[in-house]
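[1] mind folding the following:
(one chain, ligands or ions: 1)
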Amino acid sequence: MTTEKGNGDSQFGHPDVDVVVVGAGFSGLYLLQRLRSQGFSTKAFESAADVGGTWYWNRYPGARCDILSIDYSYSFDSELETEWQWSERYATQPEILRYLQHVAEKHDLRRDIEFSTRIESATWDEKTSLWRLRTDQGNETSCRYYVMATGCLSAPKTLDVNGVDRFGGATYATSRWPHEGVDFSGMRVAVIGTGSSGVQSIPLIAEQAAELTVFQRTPNFSIPAHNGPVDPKKLAGKEGRHAEYREAARWSFAGVPGEPGEKGALQASGEERQAVYDRVWDTGELIATVTSFNDLLVNAASNQTIAEFVRGKIRSTVNDPEVAETLCPVDFPLGTKRLCLDTNYYETYNLPHVRLVDLRKTAITTITETGIDTDSESFEFDAIVFATGFDAMTGAIAAVDITGREGATLRDKWADGPKTYLGLTIAGFPNLFIVTGPGSPSVMSNMMVSIEQHVEWICDCLEYLRRDGLELIEPTKAAEAGWEQHVNDYAGITLFPQANSWYMGANVPGKPRVFLPYIGGVDVYRAICDEVVSRDYLGFTLEGPGKTRLNDGIIRPVQPDVTLVLQAIESLGLPPIEEMSVEDARAFAATMAAERPPGPEVGDIVDDVLPGAVGDLAYRLYRPASPGPHPIVAYFHGGGWVLGGPDSDDPFCRDLCVQSNAIIISVDYRHAPEARFPAAPDDGFAAVQWIAENARNLGGVPGQLAVAGWSAGANIAAVVCHMARDAGGPEITGQMLVTPVVDCDFSRHSYVENADGYSLTTELMHWFWDHYADPADRQDPKASPLRAHDLANLPPALVVTCEFDPLRDEGATYAEALAKAGVQVRHLPCRGQIHMSLMAVDMVVSGAAARAEMGVAFRQFFDA
Ligand code: N01
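    Residues are numbered from 1 along each chain as shown. Here you go, the predicted structure:
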């Protein structure tokens, strides 16, 4: 909700310029062009002597882009699309630099850029609401808005090798290559580092050097670029429809048009997989490779298939098997460190004058006056090339002394990892924008698409502020924390955190280990940024003379994998269950159940029947693989007392069996509307009595019996505990209630807040209750156990609730009531989850931690 108030005492002084931009690479140049066209006075500062950013500095041999040039170029100027023709699929650094110089000339941008000037400090002046900047030339400038367009890979990593200064020969860093080039002819050359810069430069250095020794700490996956003239087919696909092509890029996963694979790698046959991998290998495009199946970056076993394919290519290319093995990455999933794109990289190791040193077997001890010493050998060199990477994503931003509100510095704020809202703005640092900052897709995408989106978002924002007489924008702490959580949640469901990559800050000693970019996709991210605007700048405070507008809130509080499941359900366009007949609803539930992943393997599954209150009840028993006997959990499935059967929560029961190392007996019960209240709890109680009596025959430990259930099944489990207590047995050692129905009151806040949009709706709960129980019966504690007068002496409980569930508050209230009655109870609230999340084993990966805790809870019930 937006709140407005006057702010008579805030001041807005007059700046030297409206906007200062730091950096004159792809981002800075477009910012200048755009801001100028919108009538903002703008000045850019650039530490280099000319435009180009990363393409100004990284002039090492072989430097090229790794996204096709027809994609890695501006879209904002439609004339550029036809007047500039790329000579190769992947343009070289000189050609990309010429392109940027051409853009700077065409739009006359250099006149507003102060070159060879570095911004050293930026301080927010509270009294005037201006940024005051100081340059390394000793000059000062003030501005209203301050934009860091400093690039993600622009601050070289400080060399962490002993003795760097001792070396008497020549040293070069790929990231700061001499403009006049280097001739290595006749030289003994060392290259340290085998990331993209090393992989691109090593084959060309090898062409000149008399001897080349490559020092490799971690091998990287690389695929061939197949460079050459721009593919006429690709060009034809763009020719005459540039706007459409670029729009497709904007709404793609990684900023390049293309169809990602529709299935998981393990869903394909071996031959099909081989054909797909052969095709992507022959194509030579990074994004098409990592999206060739839809789960390569989230499923370790799927990733292994492509990793092994590439390792096979390395082994078949490199003649010496030991060298080939040294070049094979084994300790991180493919794509979780930036995949490299090469020309003759692996082939280079077949040359007689090229040698690979495996630093994992023999570490560098020091650089000497004449070469490099390792644990086991001394090497002599004429030149050493450092291809050792960057302090990525945060290095260039933190290099400026930035001080925000109340004297707080950005370096301190980011000491444990960067915090931003949308990767664009920072709480406590008003009117500061970052282009492709941490928390945005940036390096996970075609940078051009991400840069243009950020520039346009920032410029549109400034236009909006001006139009509304506002002069200040700052994200709220809550919005920023929510975004940080969302970025982490997304990373957490992928394989990325498993790699020691610069994405994780792991390449710089002492840097906090957090996943820096946003992995949700540029399409998803663009939609989020647009939504923030359409919801009146959700998560921001806006201020102008005499007014303040605060619109606090979190843009994506639901777990990302839950959102994907909800979107998949929505895309089916199905009618709501509550509008179906009971028969159709049951058929629908069965169809959905057949589609889901099966869950983990268990030792044994037995289907049988047991006597219920009035007739036989089917059950499914899941036995752990470990030797028995085992404790037993009597489990009641969900489905609103109307839907489901003993196998309807199959993946969850399997998971529970594995996690708890207990036998799970999923018992059916009579369903409504054929058998209304109290048929279900009567059957549940009869089943538990029978299980207790037959524990030994079932492979169980007599006396070790717990109950569990989900949703309406948790209602039955809770009620069975009351019935067993009141009947004097059987003894129940614990109860686990997952998102339970425990009351018939629809007025609780969670019912109102989550009425619609999270799969279980308030309408559907009405439908279930209407089928199950008359209004008068619903008050009965056997239907609404929260209404029981006495909750004392019930078994220890774990009550699990989900944030976006209409049943959340009654579950939480039940846990509180049990605790008040002296029952040993633990409440496990699951952030960002919905009613069905925890059942969706292998679909909602973010629910795995909660499912693991359930297993622990059972072990504790039984140990106690
Ligand atoms: O840097 P990197 P990069 N002793 O960090 C090693 C983009 N880019 O400049 O992995 C020994 O990837 C380090 O080893 P380890 C692209 O996004 C794009 O190559 O830390 N070795 C690693 O092998 C890329 O991902 C293009 O064990 C040391 C290497 O140095 C990003 O820039 C071209 C070491 C550094 O690899 C960075 O690439 C170039 C030490 N003390 C770059 N310290 C295009 O194609 C580090 N290493 C567009």
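[2] am I right that Lys337 sits in a strand?
    No - assignment of Lys337 by DSSP: H, G, I helix; E, B strand; the rest coil gives coil, placing it outside any strand.
[3] got a list of contacts for the helix or strand hosting Glu570?
    Of the helices and strands defined by DSSP states H and E, Glu570 is found in helix 560-571. By C-beta atoms under 8 Å, 6 or more residues apart in numbering, the list of residues contacting helix 560-571 from outside reads 486, 489-490, 493, 520, 556, 558, 757-759, 804, 832-834, 837, 840, 843-846. The way it works is simple: take the backbone N, C-alpha and C, and place the C-beta from them, glycine included.
[4] pull out the buried members of those residues.
    For the contacts of helix 560-571, burial is judged from neighbour counts taken by 16 or more other C-beta atoms under 10 Å, and it is met by 486, 489-490, 493, 520, 556, 558, 758-759, 804, 832-834, 837, 840, 843-846.
[5] pLDDT of the helix holding Glu570, averaged?
    Averaged across helix 560-571, the pLDDT comes to 93.
[6] buried sites along it?
    When burial is assessed from 16+ other C-beta under 10 Å, helix 560-571 yields the following buried residues: 560-563, 565-566.
[7] which single one of those is nearest to the ligand?
    The ligand lies nearest to Pro560 out of the buried residues of helix 560-571, by C-beta to the nearest ligand atom, at 23.5 Å.
[8] how close does that closest one get to Ser440?
    With the distance defined as C-beta to C-beta, to the nearest Å, Pro560 ends up 15 Å from Ser440.
[9] and the closest residue to the ligand within the stretch 1-150 of the chain, what does it touch?
    For the stretch 1-150 of the chain, the residue closest to the ligand is Asp66, as judged by C-beta to the nearest ligand atom, at 3.4 Å. For Asp66, the contacting residues are 90, 196, 225, 286, 340-341, taking C-beta under 8 Å, 6+ apart as the criterion.
[10] picking up where we left off before, tell me which of the contacts of helix 560-571 fall in strands.
    For these, the ones inside strands are 804, 832-834, with DSSP state E as the criterion.
[11] from these, which two are the most distant?
    Gly832 and Ile834 (8.5 Å; C-beta to C-beta).
[12] what is in contact with those two at once?
    When contacts are counted by C-beta under 8 Å, 6+ apart, the set common to Gly832 and Ile834 consists of 558, 562, 803-804.
[13] same list, those residues, but as a markdown table with distance to the ligand please.
    Supplementary listing: the shared contacts of Gly832 and Ile834 in a markdown table, determined by distance: C-beta to the nearest ligand atom, whole Å:
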| residue | distance to the ligand |
| --- | --- |
| Val558 | 31 |
| Val562 | 31 |
| Glu803 | 36 |
| Phe804 | 36 |
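[14] for Lys263, state which of those residues is nearest.
    Distance from Lys263 was checked for each of these by C-beta to C-beta. The minimum falls on Val562, at 21.1 Å.
[15] measure the closest one to Leu286 for me?
    Here the distance between Val562 and Leu286 works out to 29 Å (C-beta to C-beta).
[16] so what's the residue count around the closest residue to the ligand within the stretch 51-200 of the chain?
    Of the residues in the stretch 51-200 of the chain, the one nearest the ligand is Gly195, at a distance of 2.2 Å by C-beta to the nearest ligand atom. As a burial measure, Gly195 scores 21 neighbours (other C-beta atoms under 10 Å).
[17] tell me the contacts of the closest residue to the ligand within the stretch 251-400 of the chain?
    Closest approach of the stretch 251-400 of the chain to the ligand (C-beta to the nearest ligand atom) occurs at Gly389, with a separation of 2.5 Å. With contacts defined as C-beta under 8 Å, 6+ apart, Gly389 is in contact with 156-157, 193, 195, 197, 502, 507.
[18] before we move on, back to that, tell me how far the helix holding Glu570 lies from the chain's centre.
    Here the centre of mass of C-alpha atoms in helix 560-571, compared against the chain's by C-alpha atoms, centre = their mean, to the nearest Å, lies 15 Å away.
[19] and if you look at stretch 628-640?
    34 Å.
[20] from one end of it to the other, what's the distance?
    Stretch 628-640 stretches 34 Å from its first residue to its last (C-alpha to C-alpha, to the nearest Å).
[21] state the mean pLDDT of it.
    Here stretch 628-640 scores 97 as its mean pLDDT.
[22] likewise for stretch 528-540?
    Predicted confidence along stretch 528-540 averages 98 (mean pLDDT).
[23] buried set for that stretch?
    528-529, 532, 537-540.
[24] near the ligand, which residues of this protein? Just list them.
    64-66, 153, 160-161, 192-198, 200, 217-218, 338, 341, 359, 387-390, 443, 502, 507 (C-beta under 6 Å from any ligand atom).
[25] mind running it again at 5 Å?
    Near the ligand, the residues belonging to the chain are 65-66, 153, 160-161, 193-197, 217-218, 338, 388-389, 502, 507 when assessed by C-beta under 5 Å from any ligand atom.
[26] now this protein, which segments are flagged as low pLDDT?
    Under the criterion of pLDDT under 70, the regions of the chain flagged as low confidence span 1-10.
[27] quick check: next helix or strand after the longest helix anywhere in it?
    For the chain, the helix with the greatest residue count under DSSP state H is helix 447-467. Next helix or strand after helix 447-467 toward the C-terminus (DSSP H and E): strand 472-475.
[28] helices or strands next to that next one in the packing?
    Using 3 or more C-beta pairs under 8 Å, 6 or more residues apart in numbering; DSSP states H and E as the contact test, the elements touching strand 472-475 are helix 447-467, strand 540-544.
[29] mind jotting down where the strands sit in the stretch 501-650 of the chain?
    540-544, 547-551, 604-611, 616-623, 630-636 (DSSP state E, counting those that start in this stretch).
[30] got the angle for the last one vs strand 616-623?
    Orientation check (axes from the mean of the first three to the mean of the last three C-alpha atoms, to 10 degrees): strand 630-636 against strand 616-623 gives 140 degrees.
[31] in its sheet, what does strand 630-636 sit against?
    Strand 630-636 pairs in its sheet with strand 663-667 (parallel), strand 700-710 (parallel), by DSSP bridges.
[32] in the first one, what counts as buried?
    Under the neighbour-count criterion of 16+ other C-beta under 10 Å, strand 663-667 has 663-667 buried.
[33] possible to save the strands paired with strand 630-636 as JSON lines with distance to Gly138?
    Supplementary listing: the strands paired with strand 630-636 in JSON lines, determined by distance: least, C-beta to C-beta, whole Å:
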{"stretch": "strand 663-667", "distance to Gly138": "73"}
{"stretch": "strand 700-710", "distance to Gly138": "68"}
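[34] which one of those strands lies closest to Pro795?
    Comparing these by their distance to Pro795 (C-beta to C-beta), the top pick is strand 700-710, with 7.4 Å.
[35] next structured bit after the closest one?
    Of the helices and strands lying after strand 700-710 in sequence (DSSP H and E), the nearest is helix 712-727.
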